[in-house]
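Chemist: Predicted model and sequence follow; I will ask about them next.
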Amino acid sequence: MASEIEQNTKNRHLAPSATRESTSQNDESSTQNAITTLKCDQPAPENPDLPDIVDIVLAMDERQAPSPLLPAETGPLVETARNYYARAARSEATQRAYAADWRHFASWCRRAGFSPLPANPETVGLYLSACASSSPRPTVSTLERRLSGLSQAFSQRGDRLDRKNPHIAEVFAGIRRKHGRPPVQKEALLADDILAMLETLPHDLRGLRDRAVLLVGFAGGLRRSEIVGLDAGVDQTEDGCGWVEMFENGAILTLRGKTGWREVEIGRGSADRSCPVEALKIWMRLGRVAHGPLFRRIRGEKSVQESRLSDKHVARLVKKTALDAGLRPELSEKEREKLFSGHSLRAGLASSAEVDERFVQKQLGHASAEMTRHYQRRRDRFRVNLTKASGL
């Protein structure tokens, strides 16, 4: 009896080890069978204990999985994502406008006794109402931009503004219905206007640069940000939005604009004094611009800087030369100053070029012909007379 008990005890101690060995041998045998089957391109035998090859690969991946990044290692990635790529999602002008919108909202909240955070639709609705009731009253488009700026600012601070909330949506619908007006269009500068403006410029480095700015901006139908964002060559700066390539018969501008990348062809003019290509070549040669920003700041009389020209310079240049040239003399100086802007160059090409509308649309980078017609200030609006066509 004692010997039987002793023998049973030994069996119980040996059983787990034997089971583990048997299991290990079965697993190795099953794995070998699976590999052999794959090599022979034969279907695996029906064995419920046979492991699937996917399970084997997943098990290998789990054993070789890399360790997660430590917080200290992700710090540089966060800074790069936030300060480099996230900021590059919007233009500098949009970023400045959004920052100003948030400061305006926060200042109003302090004066009115509200807290700007967290996002409160009631507070934002009251803010929009106060803006629409102020004097001078901002345009509806300005208020739309401010609302977009606030949404972006709340998002950056980890909050969310519900623009569909009735406190915002209904108030803004009322503002749009009550104060909405057609957009005020700037005066289009035609070819004769450009020539008169060029005559007001001096013949020094500043004058040569500004001459090229006006002619290239007009002939290319460019936005002012596209003018100053040009580089002298391909991919020369990180903050540039395009580059220029010179050819015998003209110049090709490669631009990254609001609607994506596009190419703008600028041909030679009928005379050297009105030729944008010649003006650009003279500026690049005498200003010694071969690499980096195309249009640059000038210190003193002859010192051309490395820094890029501001887009505000284009607006100031158009206003000053239009006033000096005496354009629209029937208006007061204050009215004339409001009439012209950097956009007058872009509208001028659309209004002056007597070619097929589709070529103008391509040059301006418009997605629709309707937008191009919106820029054509002096086109014949009654060329198609539906009244007569209907029989009246």
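Modeler: It's in.

Chemist: So which residue is dead centre in this structure?
Modeler: Arg90 (4.3 Å; CA atoms, centre = their mean).

Chemist: How about the contacts made by that residue?
Modeler: Applying CB atoms under 8 Å, 6 or more residues apart in numbering, we find Arg90 in contact with Tyr98. Every residue, glycine included, has its C-beta placed from N, CA and C.

Chemist: give me the low-pLDDT residue ranges for the stretch 251-392 of the chain?
Modeler: The stretch 251-392 of the chain contains residues with pLDDT under 70 at 258-259, 353-361, 363, 365-386, 392.

Chemist: all helices of it, in order?
Modeler: Under the criterion DSSP state H, counting those that start in this stretch, helices of the stretch 251-392 of the chain are mapped to 276-286, 311-324, 333-339, 343-352, 357-364, 369-375, 386-389.

Chemist: Identify, out of the ones you listed, the most deeply packed stretch.
Modeler: Of all these, helix 343-352 carries the top mean neighbour count, a mean of 24, counting by mean count of other CB atoms under 10 Å.

Chemist: which strands and helices sit next to that one?
Modeler: helix 191-198, helix 205-220, helix 311-324, helix 357-364, helix 369-375 (3 or more CB pairs under 8 Å, 6 or more residues apart in numbering; DSSP states H and E).

Chemist: What helices and strands are in contact with the third one?
Modeler: Here helix 311-324 is seen to pack against helix 191-198, helix 205-220, helix 224-228, helix 333-339, helix 343-352 when contacts are counted using 3+ CB pairs under 8 Å, 6+ apart.

Chemist: again, only using 10 Å
Modeler: helix 92-112, helix 191-198, helix 205-220, helix 224-228, helix 333-339, helix 343-352 (3 or more CB pairs under 10 Å, 6 or more residues apart in numbering; DSSP states H and E).

Chemist: Beta-bridge partners for the nearest residue to Leu205 once chain neighbours are set aside, please?
Modeler: Nearest residue to Leu205 in three dimensions, chain neighbours excluded: Ile298, at 5.6 Å (CB to CB, 6 or more residues apart in numbering). On the basis of DSSP bridges, Ile298 takes part in beta bridges with Val304.

Chemist: so who does Ile298 touch?
Modeler: Asp204, Leu205, Arg206, Leu208, Arg209, Asp210, Gly287, Val304, Gln305, Leu309 (CB atoms under 10 Å, 6 or more residues apart in numbering).

Chemist: at 7 Å instead, please
Modeler: Leu205, Arg206, Arg209, Val304, Gln305 (CB atoms under 7 Å, 6 or more residues apart in numbering).
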